[in-house]
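> build the 3D model from these lines:
(one chain, ligands or ions: 2)
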Amino acid sequence: MLNGSYASLKTDAINTNCAFCLRSNFATNILKETDAFFIVADHAPLVEGHILILPKRHFACYGVVPAELDAELLALKREVQDFFARYYAPIVFWEHGIFRQTVFHAHLHCFPFGATEYDATKTLHSLVVQSQDDVRAWYAMHGHYFYMEDRSNFLLFAPETDRYLQVVKHVLWPGASSHSQYSGWRSPQQRYEQGAPLIRATMDKWHEFQRLGADFADKTSSR
Ligand SMILES: [Zn+2]
Ligand SMILES: [Zn+2]
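Numbers count the residues shown, from 1 in each chain. Ligands and ions are numbered 1, 2, ... in the order given. The predicted structure follows:
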């Protein structure tokens, strides 16, 4: 597969139509902005606390986000992790790749799902990730992927429907249903329509977290 040229073609082709390239599309949901990234409350949240970390520049996925942004990304992941630890449950990071992706602009979902039921011994995953370099190397060689990170697993998966459905079933679905008042699976449209109070609650807690932040960071930095 000609992944390099595919990625750059794709990037150029959809840039002007990309929802995440236009700040005005999510301006009201921005929790934090750094030089290269936004943290935003998801506009169609699965659960309260559902947050996205996205680069400002258009990249098709984190597999092409350059290494010079790694430190900034890592710091933001830690910050959301601390936020969830304070208000919700341990974090699950999720990049769904081509599955159910509606915006082809890199974005990392952050879910307060706590411990997952993913069984690492079943090796549904294709790669145990040590750093963003591994994600870039996979994408350069194989192309698409999806990614799941919980407390003990940093895993990249080949983009096969079987694997995807297994991870949804054992990780996302239990997490979403046990941390939400909604019992059935809701469509993105339903989640959007019902999202306002969840987004407001997330943003209120985030702002409180920022006010308490200096204090809390002191206590947790020794972890
Ligand atoms: Zn974009
Ligand atoms: Zn997404």
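> show me what from the chain comes close to ligand 1.
18, 20, 21, 58, 105 (CB under 5 Å from the ion). C-beta: built from backbone N, CA, C; applies to glycine.
> mind putting those into a markdown table with secondary structure, pLDDT and neighbour count?
Formatted as a markdown table, the residues of the chain next to ligand 1 follow (DSSP: H, G, I helix; E, B strand; the rest coil; pLDDT from 0 to 100; neighbours: other CB atoms under 10 Å):
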| residue | secondary structure | pLDDT | neighbour count |
| --- | --- | --- | --- |
| 18 | coil | 90 | 16 |
| 20 | coil | 94 | 20 |
| 21 | coil | 93 | 16 |
| 58 | coil | 94 | 19 |
| 105 | coil | 93 | 20 |
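> now for the residues you listed: which two are most distant?
20 and 58 (7.6 Å; CB to CB).
> shared neighbours, those two?
residue 105 (CB atoms under 8 Å, 6 or more residues apart in numbering).
> all helices for the chain, in order.
3-14, 70-87, 132-142, 161-167, 173-178, 188-193, 196-220 (DSSP state H).
> now render the ones you listed as CSV, adding mean pLDDT and mean neighbour count.
Below are these laid out as CSV (pLDDT from 0 to 100; neighbours: other CB atoms under 10 Å):
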stretch, mean pLDDT, mean neighbour count
helix 3-14, 42, 14
helix 70-87, 96, 17
helix 132-142, 96, 16
helix 161-167, 90, 15
helix 173-178, 83, 17
helix 188-193, 90, 14
helix 196-220, 85, 14
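> quick one: which of the ones you listed is nearest residue 96?
helix 161-167 (7.9 Å).
> pull the residues that contact that closest one.
Contacts of helix 161-167 (CB under 8 Å, 6+ apart): 96, 99, 118, 124, 125, 146, 148, 157.
> hmm, 10 Å instead?
Helix 161-167 is contacted from outside by 94, 96-100, 116, 118-119, 122, 124-126, 146-148, 155, 157-158, 160, 172-173, using CB atoms under 10 Å, 6 or more residues apart in numbering.
> how far out from the middle of the chain is that helix?
Taking the mean of its C-alpha atoms, helix 161-167 sits 17 Å from the chain's own mean (CA atoms, centre = their mean, to the nearest Å).
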